[in-house]
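**Student:** this one's structure only:
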């Protein structure tokens, strides 16, 4: 079943491949929709009362940003290093982004030629290669809490189970390339967090006291009423709720310990869940994991501060918040805004994001989306910080693997290296070029590394870690060029592997040297 509707609404906007609005019709839209590649995803129930039609991205192609700052002076380089040294190494830095447009992850050059490794590509269904079929289902966790998930490879009854957790604003659809590929070897699930994707509520958590006309009813946003229904009276879309959701999903649906893989927000939840339930986890893989989540203080950790704030993401939304949320929601749910975010987080702008764009935009049309966004933004922080959760995982012997895209504009490389410093035994793979979502941008590489890491753990170490042939290599920083075929053309990315003797001090030394080299080049 197709996930797109080509019926244009009275006021339609079409976004083209260069991220500009190219057509805006006030009364009708008569142009034919662009041709789409097969989306290769199973879709089921749709009950979005506000409707969805007419939006698309036909492909992904635009030029690099040429407005980046070309250079800096020596005082800026020294000051940048001082800030990085004092804030990062002390663990006191709380900002989400470190550094500007310049490359914060410059590393020592290898003395020898970098070996090339040919890895498998994704199943090419256009040439008759079939991937694992994906099925889509709902699981009722609690009354009115219907969780959407997708699965593949369930016939592989003796293979390890793998669960994927999505980032903020997306859902299980973001792991289509993992479900189809890894589903050939493993039993694979991907879940939508409550309040996101297709795990939004089926009815208004705060219904209005009286009915309006049909036009108002169609455009009315759920969750903006004055009184919450009983099932939503204590609902807040927080990391603690999602951690519980993952726990019960594994207990009731998968029914055995799993390998958990999380991207961005999903990485935070994966570590948090593993710290609280080590008996349900075989290993955790972090894909550019968000190092913190939540903007409101936790009532247990900071009770006095929490009492100062009037609202903590529960329903109903306070009257003072509703107008603000409506204004913000109009801005961030706009097709151009969504397209711009995708442009930022994908380093390879040739990546096809038709499905991702469409599914994100479709979710924003759900009447409960705006209030769910408000609840997520104002929900309290978790009972454990990211660092504390990592410490618990390490204490309980939970294996951790780190796979990070180097060109991530949000979770800069320094965040992954901080995790590596805290958990030195964890293999750390840094992919370049790749941004915030390496699993979707370079799925061939991420799937290859995941397969190898799982084989290493399942064999109790008798199978070497991916790209590491002997014990000596594990002690240092090495690099490999991985080549694979995609759509009948060869692509290549560089992967750096950080061993157990990797020193963050050495990395910082190379960082400041690279900054001074840039200063010298700009002054010459």
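**Tutor:** On my side now, so go ahead. Quick caveat, the model's predicted, so the values are computed rather than measured.
**Student:** Rounded mean pLDDT for stretch 369-376, please.
**Tutor:** Here stretch 369-376 scores 96 as its mean pLDDT.
**Student:** Contacts for that stretch next, please.
**Tutor:** 168, 195-196, 200-201, 205-206, 221-224, 235-238, 313-315, 317, 321, 325-326, 329, 332-333, 363 (CB atoms under 8 Å, 6 or more residues apart in numbering). For glycine as for every other residue, the C-beta is placed from the backbone atoms N, C-alpha and C.
**Student:** Report the distance from that stretch to the chain centre.
**Tutor:** Put simply, stretch 369-376 sits 18 Å off its chain's centre (CA atoms, centre = their mean, to the nearest Å).
**Student:** again, but for stretch 137-147
**Tutor:** Worked out by CA atoms, centre = their mean, stretch 137-147 lies 23 Å from the chain centre.
**Student:** Stretch 421-433 now?
**Tutor:** 17 Å.
**Student:** That stretch: which residues count as buried?
**Tutor:** 421, 422, 423, 426, 427, 428, 429, 430, 431, 432, 433 (16 or more other CB atoms under 10 Å).
**Student:** Kindly report the same for stretch 464-484.
**Tutor:** 464, 465, 466, 467, 468, 474, 477, 478, 479, 480, 482, 484.
**Student:** quick one: contacts of that stretch?
**Tutor:** 107-108, 110, 114-121, 427, 429, 444-445, 448-449, 451-453, 456, 490-502.
**Student:** Give me the subset of the contacts of stretch 369-376 lying in helices.
**Tutor:** 321, 325, 326, 329, 332, 363 (DSSP state H).
**Student:** Export those to a markdown table and append columns for neighbour count.
**Tutor:** A markdown table is the format used below for these (neighbours: other CB atoms under 10 Å):
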| residue | neighbour count |
| --- | --- |
| 321 | 18 |
| 325 | 20 |
| 326 | 13 |
| 329 | 17 |
| 332 | 13 |
| 363 | 24 |
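**Student:** and of these, the nearest to residue 152?
**Tutor:** Closest to residue 152 out of the ones in helices among the contacts of stretch 369-376 is residue 363 (21.6 Å), distances taken as CB to CB.
**Student:** for the closest one, what are its contacts?
**Tutor:** Taking CB under 8 Å, 6+ apart, one finds 169, 171, 196, 197, 198, 200, 369 in contact with residue 363.
**Student:** Just the buried ones among the contacts of stretch 464-484, please.
**Tutor:** Going by neighbour count (16+ other CB under 10 Å), the contacts of stretch 464-484 have 107, 119, 121, 427, 429, 444-445, 448-449, 451-453, 456, 491, 493-499, 502 buried.
**Student:** Test my guess that residue 345 contacts residue 435.
**Tutor:** Yes. Judged on CB atoms under 8 Å, residue 345 makes contact with residue 435 at a distance of 5.0 Å.
**Student:** Those two: who's more crowded?
**Tutor:** Legend: neighbour count by other CB atoms under 10 Å for residue 345 and residue 435, higher for residue 435 (27 against 21).
**Student:** picking up where we left off before, with respect to residue 148, which of the ones in helices among the contacts of stretch 369-376 is nearest?
**Tutor:** Within the ones in helices among the contacts of stretch 369-376, proximity to residue 148 (CB to CB) peaks at residue 363, which comes in at 10.9 Å.
**Student:** where's the closest one relative to residue 128, distance?
**Tutor:** Residue 363 sits 33 Å away from residue 128, going by CB to CB, to the nearest Å.
**Student:** same question, residue 385
**Tutor:** 49 Å.
**Student:** more crowded one of these two?
**Tutor:** Higher neighbour count among residue 385 and residue 128: residue 385, with 18 against 7, using other CB under 10 Å.
**Student:** just for this protein, where's the confidence low?
**Tutor:** In the predicted model of the chain, residues 1-112, 209-219, 470-475, 500-524 satisfy pLDDT under 70.
**Student:** tell me which element the nearest residue to residue 435 once chain neighbours are set aside falls in.
**Tutor:** Spatial nearest neighbour of residue 435, chain neighbours left out: residue 347 (3.9 Å); criterion: CB to CB, 6 or more residues apart in numbering. Of the helices and strands defined by DSSP states H and E, none includes residue 347.
**Student:** give the contact list for residue 347.
**Tutor:** So residue 347 contacts 405, 407, 408, 433, 434, 435, 441 (CB under 8 Å, 6+ apart).
**Student:** Can you verify the third one is assigned to a strand?
**Tutor:** No. With DSSP: H, G, I helix; E, B strand; the rest coil as the criterion, residue 408 is assigned coil and is not in a strand.
**Student:** can you tell me how far the residue lying closest to it once chain neighbours are set aside sits from residue 142?
**Tutor:** Spatial nearest neighbour of residue 408, chain neighbours left out: residue 436 (4.4 Å); criterion: CB to CB, 6+ apart. The gap separating residue 436 from residue 142 is 32 Å, by CB to CB.
**Student:** Residue 380 too?
**Tutor:** With CB to CB as the criterion, residue 380 and residue 142 are 20 Å apart.
**Student:** Comparing the two, which shows the higher neighbour count?
**Tutor:** Shown here are residue 380 and residue 142; by other CB under 10 Å, residue 380 has more neighbours (22 against 12).
**Student:** pretty sure the more buried one is touching residue 313, no?
**Tutor:** Yes. Taking contacts as CB under 8 Å, residue 380 lies within contact range of residue 313: 7.1 Å.
**Student:** list residues touching both of these two?
**Tutor:** By CB under 8 Å, 6+ apart, the residues touching both residue 380 and residue 313 are 236, 238, 296.
**Student:** who wins for neighbours among the residues you listed?
**Tutor:** Neighbour-wise, the shared contacts of residue 380 and residue 313 (other CB under 10 Å) top out at residue 238, 26 neighbours.
**Student:** Now do the helices in the stretch 251-400 of the chain.
**Tutor:** 265-276, 303-308, 319-332, 335-345, 354-364, 369-378, 386-395 (DSSP state H, counting those that start in this stretch).
**Student:** Buried deepest among those, which one?
**Tutor:** helix 265-276 (a mean of 27; mean count of other CB atoms under 10 Å).
**Student:** That one - contacts with which helices or strands?
**Tutor:** Judged by 3 or more CB pairs under 8 Å, 6 or more residues apart in numbering; DSSP states H and E, the packing partners of helix 265-276 are strand 161-165, helix 239-249, strand 258-263, strand 281-287, helix 386-395.
**Student:** any chance of those in CSV, plus distance to residue 353?
**Tutor:** As requested, the helices and strands packed on helix 265-276 are exported to CSV (distance: least, CB to CB, whole Å):
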stretch, distance to residue 353
strand 161-165, 18
helix 239-249, 25
strand 258-263, 15
strand 281-287, 17
helix 386-395, 28
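**Student:** Quick one, which of those gets closest to residue 306.
**Tutor:** Using CB to CB, these put helix 239-249 closest to residue 306, at 13.5 Å.
**Student:** just the angle between that closest one and helix 265-276, please?
**Tutor:** In terms of direction (axes from the mean of the first three to the mean of the last three CA atoms, to 10 degrees), helix 239-249 departs from helix 265-276 by 70 degrees.
**Student:** can you tell me which two in the buried residues of stretch 464-484 are farthest apart?
**Tutor:** 474 and 484 (24.1 Å).
**Student:** which non-adjacent residue is nearest residue 231?
**Tutor:** Nearest to residue 231 is residue 144, by CB to CB, 6+ apart, at 4.4 Å.
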